[in-house]
Every structure is written in structure tokens, then in C-alpha cells.
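Engineer: Next come a sequence and a model predicted from it.
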Amino acid sequence: MAHNLSIEALYKTGKTTLVASTLGSLADGSPFLGFREVHQPAGPVAVWNCEMDADDFDDYLVPHVADRSRVVPAHLRWRPVPLLTSQPAREETVRWLRYFGVAVWMIDTWTRLCAWNNIDPIDNAAVARLTAYLDEIKHEAGVSALAMSSHMPHSARTDRTQERGIGAQAFSGWVDGMWRYTRDDAERRYLSADGRQIRLGECQVYLSPDGRLQAVAGDREQAAGQQDSWVVASHVRMHPGKSGNEIWKAIGGRKQTVLAAIADAAGSGFIFSRPGPRGGDAWVPVTAQV
């Protein structure tokens with residue numbers, strides 16, 4: 001809300017899927033990652049797809065966005081927009097944003113935008129000029145918020161101090177909030193966020209069988225060495241009252257493995273069952289007994 005945001009992702013973590021999930025929550029008002037309330041913007045969400053073919057990008061949107069009328073994509077893989085060096089490009093951008101009444105503008109990715117404008121992402125002075133232009137364009141077009149996806153350096157895979165967007169300090173100083181999307185050696189994904197009026201403790205993110213991103217509580221340390229029962233217990237904390245079949249369909253994997261994990265979580269005292277619909281069990285966290 002009236003902020004600049006960076007979505008910083010490790011290479012091949014699933015950045016575009018996260019962008020599509022965010023677009024869906026903003027457009028539809030659906031809970032972000034299945035659990036976090038969303039303040040739906042007054043106008044549509046525009047997204048500049050700078051790296052992918054239109055058909056490929058649209059495939060990412062399908063599972064996540066129900067109301068496509070509230071998402072305005074511009075497929076620009078072969079159409080660079082040099083905002084810094086071309087006044088017509090800047091004027092056309094403002095006109096385009098105004099025409100659709102865009103409230104939130106997403107650009108995927110920062111690296112490609114820098115390349116279009118002959119900017120080295122590690123050049124502080126040049127990055128400061130480009131980000132200032134973006135703020136001016138937002139103001140002229142009446143855009144409330146801007147979200148920019150960016151890549152983390154490859155060194156972030158083994159060094160957590162490198163979990164930040166590639167490039168100049170001027171970029172991280174410009175944004176109001178930062179999302180960090182990473183994965184561990186077991187290919188588990190994690191998201192965290194901080195910044196001005198922004199805080200999300202690290203949570204584990206997974207892809208449900210219907211192709212949508214969901215999250216469960218717990219950071220990397222909590223997940224390390226944990227069994228499937230921990231994932232089940234975390235899911236039940238976020239989505240209490242589900243049957244065993246519903247939990248299995250949400251988490252995915254082998255049904256017998258998930259049902260066994262439910263039994264383990266119950267035996268460990270993390271969850272318990274209540275009578276559910278049609279005589280079945282409805283699983284809830286232990287805190288729900290209070």
C-alpha cells in the first residue's frame with residue numbers, strides 16, 4: 001500500500017509462480033498463500049512480463065487468477081522500454097498506466113529493466129536515477145504501489161548473508177519492503193518479509209495439487225530433520241477442521257504417507273480429532289482445545 005517492494009528470489013526457486021500467486025491474491029482478494037489477509041487495491045494490477053513468452057507467462061497465471069479483468073499484462077520480452085533514455089517510452093508508460101487506472105504495478109524483472117536502460121545493477125548512481133524515474137512515473141500515472149522482482153546472487157545458495165537482490169545498495173535503500181524467497185538442499189521453499197510496516201516470519205511454501213502456492217508455519221531450522229508429521233501439524237494449524245483426505249489433497253504426495261503422518265502428529269500431541277461431517281474426523285491443533 002503506497003510502497004515500493006522488492007521480491008528477491010534465489011535462482012530457480014519459483015519466482016514467477018510467486019509473482020503469479022501475488023497477482024491472484026491482489027486481483028481476487030483471496031488470502032495470500034492461503035492464510036494471510038489481502039487488502040485488495042481499488043484498481044487493477046499491471047504486470048510487465050519482461051522475460052517470458054506471452055503464452056508461457058499466461059500458463060503461470062491460470063491456477064492463481066480467477067478475475068483476469070483485474071490483471072493487465074504487458075508482454076515485453078522482445079519490446080524493451082528504455083525509460084531513462086527515451087522520453088516517448090516514458091510518456092507511453094504513463095499513458096498506458098493511466099489508461100487502465102492501474103493501482104499496483106509489478107515488473108518482472110529488475111535485471112531486465114536495467115538492461116533496457118543501459119544500467120549496471122551494481123552502479124549506485126545509475127540505479128538511483130532509474131529508481132527516481134520510476135517514482136516520478138508512479139506519481140504522474142497515479143499508481144499507488146510498485147513491486148519489482150529481482151534475483152539473488154548464486155552465492156546465496158550456501159551463504160545466507162547473501163540472501164538479497166543482486167546489485168547496488170541504492171536499490172535496497174529505495175524499496176520500502178523486501179520479500180526473500182529461497183530454497184534449501186531438500187528443495188523446500190521459504191518466504192520471509194520485512195520493511196516499513198511489513199513483517200512476515202519465515203514460512204515454508206509448497207505447491208498444492210491444484211497448482212496454487214500455500215504456506216505453513218516454520219522456518220528452515222524448524223524444518224530441518226522434521227518428518228512429514230511436522231508438515232501435517234503446521235498445515236492443520238493454518239487450516240483447522242479438515243478431514244484426512246482434505247489434508248492429503250492439500251499437501252500432496254502419497255495418501256498413505258500423509259495419513260500415517262496425521263497419525264504421528266496426533267500421537268505426538270500436536271493435533272487431535274473432532275467429529276466431522278458424515279461421521280468422519282476433523283483435525284484441529286491442540287490449541288483449539290482451549
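Structural biologist: Yep, that arrived.

Engineer: give me the low-pLDDT residue ranges for this protein?
Structural biologist: Counting by pLDDT under 70, the ranges of the chain that qualify are 1-2, 153-163, 209, 222-227, 287-290.

Engineer: Can you tell me the SS state at residue 91?
Structural biologist: helix (DSSP: H, G, I helix; E, B strand; the rest coil).

Engineer: Please report the distance of residue 60 from residue 103.
Structural biologist: Noted for residue 60: a distance of 21 Å to residue 103, by C-beta to C-beta, to the nearest Å. From N, CA and C alone the C-beta is placed, and that goes for glycine too.

Engineer: care to break this structure down by domain?
Structural biologist: 4-219, 226-289 (automatic domain parsing).

Engineer: gap between the shortest one and the chain center?
Structural biologist: Distance of domain 226-289 from the chain centroid (C-alpha atoms, centre = their mean, to the nearest Å) equals 26 Å.

Engineer: and what of the longest one?
Structural biologist: Here the centre of mass of C-alpha atoms in domain 4-219, compared against the chain's by C-alpha atoms, centre = their mean, lies 8 Å away.

Engineer: so how far is residue 144 from the closest residue to residue 35 other than its chain neighbours?
Structural biologist: Leaving aside its sequence neighbours, residue 35 sits nearest to residue 238 (C-beta to C-beta, 6 or more residues apart in numbering; 5.0 Å). Distance of residue 238 to residue 144, computed by C-beta to C-beta: 29 Å.

Engineer: more neighbours, those two?
Structural biologist: residue 238 (19 against 15; other C-beta atoms under 10 Å).

Engineer: Make sure that one is actually in contact with residue 34.
Structural biologist: Yes - contact criterion C-beta atoms under 8 Å: residue 238 and residue 34 qualify, at 7.0 Å.

Engineer: contact partners of the longest helix seen in the chain?
Structural biologist: Once the chain is assigned using DSSP state H, the helix that runs over the most residues is helix 124-141. Helix 124-141 is contacted by residues 4, 83-84, 90, 93-94, 97-98, 102, 105, 113-114, 117, 119-121, 143-144, 146, 167-171, 174 when judged by C-beta atoms under 8 Å, 6 or more residues apart in numbering.

Engineer: After it, which helix or strand is next?
Structural biologist: Next helix or strand after helix 124-141 toward the C-terminus (DSSP states H and E): strand 145-151.

Engineer: partners of that following strand, with directions?
Structural biologist: Take DSSP bridges as the rule and strand 145-151 pairs in its sheet with strand 4-9 (parallel), strand 104-108 (parallel).

Engineer: Based on its surroundings, how many neighbours for residue 137?
Structural biologist: Close neighbours of residue 137, defined as other C-beta under 10 Å, add up to 18.

Engineer: For residue 93, see how far away it is.
Structural biologist: Counting by C-beta to C-beta, the gap from residue 137 to residue 93 is 6 Å.

Engineer: now the helices for this structure?
Structural biologist: Under DSSP H, the chain gives helices at 15-28, 54-61, 87-100, 110-116, 124-141, 169-174, 220-223, 228-238, 244-251, 255-267.

Engineer: For the residue nearest to residue 35, give me its contacts.
Structural biologist: By C-beta under 8 Å, 6+ apart, the neighbours of residue 238 are 34-35, 215-217.

Engineer: which of these count as buried?
Structural biologist: The neighbour count (16 or more other C-beta atoms under 10 Å) marks 34, 215-216 as buried among the contacts of residue 238.

Engineer: buried stuff in stretch 86-93?
Structural biologist: Counting neighbours by 16+ other C-beta under 10 Å, stretch 86-93 gives 90, 93 as buried.

Engineer: And stretch 275-284, by the same measure?
Structural biologist: Buried positions in stretch 275-284, judged by neighbour count with 16+ other C-beta under 10 Å: 276, 282-284.

Engineer: now swap in stretch 188-203 and tell me
Structural biologist: Applying 16+ other C-beta under 10 Å to stretch 188-203 flags 188-193, 195, 200, 202-203 as buried.

Engineer: biggest separation within the residues you listed, which pair?
Structural biologist: Longest distance between any two of those is 24.0 Å, between 188 and 195; criterion C-beta to C-beta.
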